[in-house]
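>>> Predicted coordinates and the sequence they were generated for:
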Amino acid sequence: MFGSHAIEHGSTRTGRWLRERRFRFTLWIAAFEGLLYLFHALHWWAAVLLAVIAVGFWWYVARGNRSDTLREAGWIFAVSQLLVLCVPVALAIVKAIAIGVIALLAIAALIFLFTERPK
């Protein structure tokens, strides 16, 4: 019994299979929906609504359910939708940093132009 793992009471084969792969599924779903958001196929408010529905489903239905498969699927659904919401936030942060860098370069160029002595 040194190399085997104990099976949790009440777990199913499908539930254990999902639990082993839930991070992978979560990241793939979030990546796909994040790309949909970046290419404007998914609107910001649709992503927010889907995340609210997913977290609500997990909180009220899947979290305390006896079905191991439903608990794991609900967790995957909720976490992937919350990760999708990170895409617009990250995009806004990167956009703000890019605008700041461009503004600093413009200020530096203006300083350089105004301090240059005419020949």
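Nice, I can see it.

>>> Y37 and W44 touch, don't they?
Yes. When contacts are counted by C-beta atoms under 8 Å, Y37 is listed as touching W44 (7.4 Å). C-beta here means a position set from N, CA and C on the backbone, and glycine is covered the same way.

>>> how much distance is there from stretch 41-60 to the middle of the chain?
Mean C-alpha position of stretch 41-60 versus that of the full chain (C-alpha atoms, centre = their mean, to the nearest Å) differs by 12 Å.

>>> quick check: mean pLDDT across that stretch?
Taken as a whole, stretch 41-60 carries a mean pLDDT of 92.

>>> ok, now stretch 72-89?
The average pLDDT within stretch 72-89 is 91.

>>> which parts of that stretch are buried?
Of the residues in stretch 72-89, those buried by neighbour count under the rule 16 or more other C-beta atoms under 10 Å are 72-81, 83-85, 87-88.

>>> Just the residues you listed: which are in helices?
Taking DSSP state H, the ones among those that sit in helices are 72-81, 83-85, 87-88.

>>> Can you tell me how far the residue nearest the centre of the chain is from L42?
Centre of the chain computed as the mean C-alpha position; nearest residue by C-alpha atoms, centre = their mean is L83, 1.6 Å away. If you measure L83 against L42 using C-beta to C-beta, to the nearest Å, the figure is 13 Å.

>>> cool, E33 as well?
Using C-beta to C-beta, one gets 6 Å for the distance from E33 to L42.

>>> just A92 next, same as before
In this view, A92 and L42 are 16 Å apart by C-beta to C-beta.

>>> Please say which of these two ends up with more neighbours.
Regarding A92 and L42, a neighbour count based on other C-beta atoms under 10 Å identifies L42 as having more, with 19 against 10.
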